[in-house]
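>>> Make a model of this:
(one chain, ligands or ions: 1)
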Amino acid sequence: MQPHSPPLATRLLEVIENDILPLTRQGVAAGNKVFGAAILRRDDLSLVHAATNQEHSNTCPMWHGEMVALHGFFALPDRPPEQECLLLSTHEPCPMCAAATAWCGIPQVFFLFDYQDTETQFSIPHDIAILRQLFAPATRLNYKNEFFAAAAIQSLALDTADTARIKNIYQQYDALSAIYQAEKEHNAIPLK
Ligand SMILES: [Zn+2]
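Down below sits the predicted model:
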């Protein structure tokens, strides 16, 4: 990072607020889930590509925010090497997206909401269910593995402004989640 650039947690929260949430508001209004993601350069934390869930818009249940972000990243005509990038995910990447991140060679992952939040706060229990059903006895993502290191933003050094920002972001996601949940019976996503 540059000497005057914001600390890691602050920058990640800025990207969620300024680059991911605007896409997600549009996505949820179109019937998609609330999950978003972005690819950033690890050295200066500049944004490379931001995306949001398009399961409904693109009529494909694999278009999670991370998958859209990774696909868009590799489609960029002039992109940085994947080893020099990190994946920022609003929600802890599901088993599919975590595996995709490994396949894509992205060495670092940060997220704001974990699986438990996704299940309880967002009423979307499929991450934990898929992990248990397909990969038992695993019950959680291995945050330190040979492919990438993953961490919750809340585990980073936070100042009071970061904490206030997280609270504000939580409120925005609560509102978006309520919209999705109210409308989800009308979409054709297999795991709603
Ligand atoms: Zn996913």
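>>> remind me, longest helix of this structure?
In the chain, taking DSSP state H as the definition, the longest helix is helix 160-183.
>>> Flag every buried residue along it.
Asp162, Arg165, Ile166, Ile169, Tyr173, Leu176, Ser177, Tyr180, Glu183 (16 or more other C-beta atoms under 10 Å). (Glycine included, C-beta is placed from N, CA and C.)
>>> Without its sequence neighbours, what residue ends up closest to the first one?
For Asp162, the nearest residue in space outside its immediate sequence neighbours is Ala9; the separation is 5.1 Å by C-beta to C-beta, 6 or more residues apart in numbering.
>>> and that neighbour, how many neighbours?
By the criterion of other C-beta atoms under 10 Å, Ala9 has 22 neighbours.
>>> Quick one: list the elements packing against the helix or strand containing it.
In this assignment (DSSP states H and E), Ala9 forms part of helix 8-15. Helix 8-15 sits against strand 36-41, strand 108-113, helix 160-183, with contacts defined as 3 or more C-beta pairs under 8 Å, 6 or more residues apart in numbering; DSSP states H and E.
>>> pLDDT averaged over the second one - what is it?
In this model, strand 108-113 carries a mean pLDDT of 98.
>>> thinking again about what came up before, how far away is the residue nearest to Asp162 from Ile166?
Remark: distance between Ala9 and Ile166 (C-beta to C-beta, to the nearest Å) = 9 Å.
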